[in-house]
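Colleague: here's my sequence, what's the structure:
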Amino acid sequence: MESLSRSWRWLIAVFGLALLQGCTVNPVTGERQLSLIPESQTREMGVQQYEPTIQMQGGQYYTDPELTVYVNNIGQKLAAVSDRPDLPYEFVVLNSGVPNAWALPGGKIAINRGLLTEMENEAQLAAVLAHEIVHAAARHSAQRMQQGMIINAGMAGLGMALSDNDYAGLIMGGAALGSQLTMAQYSQDHELESDRHGIRYMAKAGYDPRAAVELQKIFLRLSENRESSWINGLFASHPPSQARVDANRETVQSMKDLPDFKGTERFNKRLAYLRDRKPAYRKAKQAREKAEDGHLDQAMTLVNEAIAIESEEAAFHALKGQILSNQKQPEAALSAFDRAVNLYPQMFSYRLERGLLHLEQDHLELAREDLATANETVPTSIATLRLGDIARQQGDTKQAIAYYQRAAEAGGEVGQEALRKLQNLTKAGS
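Modeller: You can find the predicted model right below:
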């Protein structure tokens with residue numbers, strides 16, 4: 001019994017020493033906190049996950065590049081007065097109508113066009129970006145990962161489906177980690193901390209911090225209306241509350257010599273193009289809904305109307321390709337996907353869909369090229385499975401087995417199909 005007691009004391013002492021060595025000073029709050037994951041590791045994670053996360057959440061909004069420049073300039077201005085100006089900050093606008101904004105470790109920050117169009121001035125935009133900068137500077141993502149490690153020895157507790165992504169359930173390996181982090185809910189303490197210090201950054205950068213209070217009031221009102229896009233977007237990871245509104249108001253009231261710049265005129269000028277194209281995105285959304293309900297002719301009419309308003313939007317042409325494919329018009333569908341890929345060649349989903357359609361038409365080499373390229377950015381089990389099919393048809397049994405093995409590890413229906421084909425292939429070779 002005494003030996004067992006000594007063992008427990010030894011384990012407690014070792015664990016306590018590990019915790020002590022793992023404590024660091026939070027650069028934002030100045031408080032000591034547990035830090036089990038080195039910052040270099042989380043920074044590298046942010047770099048690796050940034051592009052896959054961007055693509056899984058709509059891709060970049062590229063049709064108005066000046067808007068991204070504008071958002072990035074505001075973000076860099078705020079980052080320069082933050083507690084971690086040394087981080088390699090990046091700011092991007094995402095092509096998603098879901099109102100949301102997020103930060104990955106190391107200062108990789110994104111805001112959706114669906115949130116931008118709900119704002120009234122530049123100071124409100126600064127409030128959102130400053131809030132996300134604090135999440136990055138204070139390493140809130142790392143703290144959430146640590147909590148998952150302590151409770152589950154892994155990231156399983158952070159898993160959340162990307163309901164607006166057709167391939168969310170088929171993402172392989174660690175490519176979904178970034179999206180899991182961006183969609184996992186922050187604690188109330190983290191939210192209040194990011195509000196408080198974000199307001200401080202706003203004022204230092206010359207923005208009226210009262211805009212942060214205004215924005216929280218808007219968010220609270222929208223949350224009470226239970227608007228689904230907000231519930232599934234920003235509010236899933238950044239839940240609003242009256243407590244946040246009150247805390248933000250108290251923070252602002254405690255400050256002296258407040259700047260009064262809101263930048264309404266400049267903001268409206270920069271948002272003019274996006275707002276002008278908003279009807280196109282509304283029609284595209286309606287087209288997708290009609291297609292999902294089986295009303296393909298109506299869906300085609302709507303997506304063509306969207307393209308007439310914004311012909312350079314790759315997402316519209318990809319949607320048209322999906323509708324044409326469902327209408328059993330493969331050649332016309334391939335033409336639409338070609339247009340989407342030409343407009344946004346980096347987008348994995350456009351190449352994936354075109355590759356799958358090429359495979360249906362027995363264009364094996366074209367299918368292989370598209371599916372392999374898609375997997376380089378965001379690997380999916382369906383692309384990996386079909387690459388195995390192509391390798392098998394081309395007589396490369398060794399390569400087919402390798403693809404089937406990887407796809408089988410993903411589980412689900414695709415994994416089961418891969419396992420069956422793998423077993424048949426290995427039996428035939430034995």
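Colleague: ok, now which ones touch the closest residue to residue 264 other than its chain neighbours?
Modeller: Spatially, and ignoring its direct neighbours in sequence, residue 264 is nearest to residue 121 (4.2 Å; CB to CB, 6 or more residues apart in numbering). Glycine gets a C-beta too; all of them are placed from N, C-alpha and C. By CB atoms under 8 Å, 6 or more residues apart in numbering, the contact set of residue 121 is 211, 262-264, 267.
Colleague: what is the neighbour count of residue 272?
Modeller: 12 (other CB atoms under 10 Å).
Colleague: double-check that it belongs to a helix.
Modeller: Yes. Residue 272: assigned to a helix according to DSSP: H, G, I helix; E, B strand; the rest coil.
Colleague: roughly how far apart are it and residue 98?
Modeller: 22 Å (CB to CB, to the nearest Å).
Colleague: hmm, back to that, any quick ChimeraX command for the buried ones out of the contacts of residue 121?
Modeller: Typed into ChimeraX, the line below selects the buried ones among the contacts of residue 121, using 16 or more other CB atoms under 10 Å:
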select :211,262,263,267
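Colleague: how about the contacts of residue 121 in TSV, adding pLDDT and distance to residue 406?
Modeller: Converted to TSV, these look like this (pLDDT from 0 to 100; distance: CB to CB, whole Å):
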residue	pLDDT	distance to residue 406
211	96	49
262	97	52
263	98	50
264	98	52
267	98	47
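Colleague: among the contacts of residue 121, which are in helices?
Modeller: 211, 264, 267 (DSSP state H).
Colleague: can you pull the contacts of the first one?
Modeller: Under the criterion of CB under 8 Å, 6+ apart, the neighbours of residue 211 are 121, 123-124, 126-127, 202, 262.
Colleague: and residue 352, what element?
Modeller: Assigned by DSSP states H and E, residue 352 belongs to helix 348-360.
Colleague: pull the distance from that helix to the chain's centre.
Modeller: 22 Å (CA atoms, centre = their mean, to the nearest Å).
Colleague: buried ones in it?
Modeller: 348-359.
Colleague: now for it, which elements pack on it?
Modeller: Under the contact criterion of 3 or more CB pairs under 8 Å, 6 or more residues apart in numbering; DSSP states H and E, helix 348-360 touches helix 314-326, helix 330-343, helix 364-377, helix 381-393.
Colleague: if we compare the ones you listed, which one ends up closest to residue 303?
Modeller: helix 314-326 (4.9 Å; CB to CB).
Colleague: ok and that closest one relative to helix 348-360, angle-wise?
Modeller: For helix 314-326 against helix 348-360, the angle by axes from the mean of the first three to the mean of the last three CA atoms, to 10 degrees is 20 degrees.
Colleague: and helix 314-326, average pLDDT?
Modeller: For helix 314-326, mean pLDDT is 98.
Colleague: output the below-cut-off pLDDT ranges for the stretch 101-250 of the chain.
Modeller: 141-169, 173-186, 225-238 (pLDDT under 70).
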